[in-house]
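*Asks:* with the input below, show me the fold.
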Amino acid sequence: MKKIIFALVAFLSFGVSVAKADNDKIINKNELPAQAQQFLNEHFNGVKLSYAKLERDFLLRSYEVMLANGSKIEFSSNGTWEDVDCRYGEVPAAVIPEPIKKYIQANYPGEKVHKIERDRNNYEVKLSNRLELTFNQDFNIIDIDD
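*Replies:* Residues are numbered from 1 along each chain as shown. Sure thing, here's the model as predicted:
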């Protein structure tokens, strides 16, 4: 019986710590990492900031920025962009790696990039025609999803 009670207390304690891990905090633009601030100034200069948020999950930190034009940008803890979602416009051309731009221009002329997301291994690009293209870290196309 003592083992069951101990296990229950341990489980509930873990549950409380998990609930506390989702600790988001609204921040000012100047509280973003310098690299994130530079990215916003370079690619979204003049676009009003709706909010910036620090997201904390256990030991991980990340940042989310929502702009007045509907664009949402997610940054890693050091300020490197991970996701640029311009649902009502297009991702600034300077954000898109050159080999990906060339592939899209050659194979989907006239299509706009509405979203680009990257992780350690891949880039995922969503086009205005709703195609989702996945590129590996060498910028070779590895998947096309409609």
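
*Asks:* next up, the contacts around residue 48.
*Replies:* 67-68 (C-beta atoms under 8 Å, 6 or more residues apart in numbering). Quick note: C-beta positions are derived from backbone N, CA and C, even for glycine.

*Asks:* grab the nearest non-local neighbour of the residue nearest the centre of the chain.
*Replies:* For the chain, residue 83 is the residue whose C-alpha lies nearest the centre (C-alpha atoms, centre = their mean; 2.8 Å). Among residues not flanking residue 83 along the chain, residue 74 sits closest, at 4.0 Å (C-beta to C-beta, 6 or more residues apart in numbering).

*Asks:* which element is that neighbour on?
*Replies:* strand 72-75 (DSSP states H and E).

*Asks:* re earlier: and the residue nearest to the centre of the chain, how close does it get to residue 72?
*Replies:* 7 Å (C-beta to C-beta, to the nearest Å).

*Asks:* between these two, which contacts overlap?
*Replies:* With C-beta under 8 Å, 6+ apart, residue 83 and residue 72 have no common neighbours.

*Asks:* OK, contacts around residue 114?
*Replies:* 85-87, 89-91, 126-128 are the contacts of residue 114 under C-beta under 8 Å, 6+ apart.

*Asks:* of the residues you listed, keep whichever come out buried.
*Replies:* 85-86, 90-91, 126-127 (16 or more other C-beta atoms under 10 Å).

*Asks:* which members of those occur in strands, if any?
*Replies:* The strands, defined by DSSP state E, take in 85, 126-127 from these.

*Asks:* which one of the residues you listed is nearest residue 100?
*Replies:* residue 127 (10.9 Å; C-beta to C-beta).

*Asks:* what's the pLDDT at the nearest residue to the closest one once chain neighbours are set aside?
*Replies:* Sequence neighbours aside, residue 111 is the residue nearest to residue 127 in space, at 4.4 Å (criterion: C-beta to C-beta, 6+ apart). Per-residue pLDDT puts residue 111 at 97.

*Asks:* how close does the residue nearest to residue 83 get to residue 115?
*Replies:* 11 Å.
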